[in-house]
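# For reference, the sequence and a predicted model appear below.
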Amino acid sequence: MPVLLLLVLVGVVTAVVLVRHGDTYARGAPGGAAPAPAAAAPAPARPGAGLRVLAGCAGAGAAVLYIWGALCVAGAVMEAEDGGTGSAPLRPCRTSEHPELSGRIVDYSVSYLPLRFDCETADGDGYASDDVPGYVNSGVAVLALTAAGSAVAAGYATELRARARRRPVTGPSNTPGGPV
């Protein structure tokens, strides 16, 4: 169920970004009247605008996915710290993959980069709990790298446009095949 809610949230955010089309909402006249037909030409798109949108969406997705994983780790810690009947072995450490180790668990450790909840035995052996879904760490890494790469590419496109504007024109520029 929580995964479904996360997918719905991502879908709504994606729909809003895609509907915006060109970083502007359709604006009507005051009072809800229809907008003027082609009264003013839209501003030309800035270089790298699509890459900036991609970087923002990927960065937001990485943040949401990281928060989701951190909440999973926090839930596992709360479950491990909850004492009382049925608290040994630790609830997050009860798995069908390691039944021989789950009876010997003495402690746990938590890592927030990468997100994981480790169950530890007295002899130093242990394993990662299944409380953090497997897709979280890899998804955060892919989305964060996509955001960083898109931001760098958008900056590069903007710099290329700025350098082209500052480039001095030499020779006749109105002849065919001449410099632009």
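Looks like it came in fine.
# Buried ones in the helix or strand encompassing residue 160, by neighbour count?
For residue 160, the host element (DSSP states H and E) is helix 135-166. Buried residues in helix 135-166, counted by 16 or more other Cβ atoms under 10 Å: 136-137, 139-140, 143-144, 146-147, 150-151, 153-154, 157-158. (Glycine included, C-beta is placed from N, CA and C.)
# what's the average pLDDT for that helix?
For helix 135-166, the mean pLDDT works out to 90.
# elements contacting it?
Here helix 135-166 touches helix 49-81, strand 115-121, going by 3 or more Cβ pairs under 8 Å, 6 or more residues apart in numbering; DSSP states H and E.
# Tell me which of those lies nearest to residue 95.
Among the helices and strands packed on helix 135-166, the nearest to residue 95 by Cβ to Cβ is strand 115-121 (8.5 Å).
# Now do that closest one, average pLDDT.
87.
# That one: which residues count as buried?
Across strand 115-121, burial judged by 16+ other Cβ under 10 Å covers 115-117, 119-121.
# Next, give me the two most distant ones among the residues you listed.
So, these by Cβ to Cβ: farthest apart are 115 and 121, at 21.6 Å.
# so where's the protein uncertain?
Counting by pLDDT under 70, the chain contains low-confidence ranges at 1-45, 84-88, 96-99, 101-102, 169-180.
# Try it again at 90.
Residue ranges of the chain with pLDDT under 90: 1-53, 75-109, 111-113, 117-134, 154-155, 157-180.
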